[in-house]
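**Student:** Build me a structure from this.
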Amino acid sequence: QVQLVESGGGLVQAGGSLRLSCAASGPTFSRFTVAWFRQAPGKEREFVAAISWGGGSTNYNNFEKGRFTISRDNARNTYLQMNSLKPEDTAVYYCAAEPRGSWYFNYRGWNEYDYWGQGTQVTVSS
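**Tutor:** Here you go, the predicted model:
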């Protein structure tokens, strides 16, 4: 059983940066695809980025336009570096994981990931 815990959220001014972390417990986490999603009030959960088992492949949503970077240390931690933050980035950010295959980082649907953290709030003020 994999457990995920996010941290690093907070309040930041527009143009600022935050680094979110996702810490995992459980066996063979290095063979899980890890993704970040976000959900703003009144909106559907939205794919942000995903990273493959070895960290060599990534997948980003188009809205990021190079502002966000996903990475992992292949131990227990996955990160989301967010730069040039905008008020529309305000949301609860969730870490998700799935063990189904090394190619799984291509999947963007929230219902395609079985393991979830509790979320961390990111608020960007204008």
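**Student:** Count residues in the vicinity of the residue lying closest to residue 125 once chain neighbours are set aside, would you?
**Tutor:** Closest residue to residue 125 apart from its sequence neighbours, by C-beta to C-beta, 6 or more residues apart in numbering: residue 13 at 5.4 Å. (Glycine included, C-beta is placed from N, CA and C.) Other residues lying near residue 13 total 10 when counted by other C-beta atoms under 10 Å.
**Student:** Next one: residue 13 from residue 90, what distance?
**Tutor:** With the distance defined as C-beta to C-beta, to the nearest Å, residue 13 ends up 12 Å from residue 90.
**Student:** circling back to that earlier point, quick check: the residue nearest to residue 125 touching residue 89?
**Tutor:** No. Using C-beta atoms under 8 Å, residue 13 is not in contact with residue 89; the gap is 11.8 Å.
**Student:** shared neighbours, these two?
**Tutor:** By C-beta atoms under 8 Å, 6 or more residues apart in numbering, residue 13 and residue 89 have these common neighbours: residue 124.
**Student:** Below-threshold pLDDT in the protein: ranges please.
**Tutor:** Of all residues in the chain, those with pLDDT under 70 make up the ranges 74.
**Student:** Thank you kindly, that will do.
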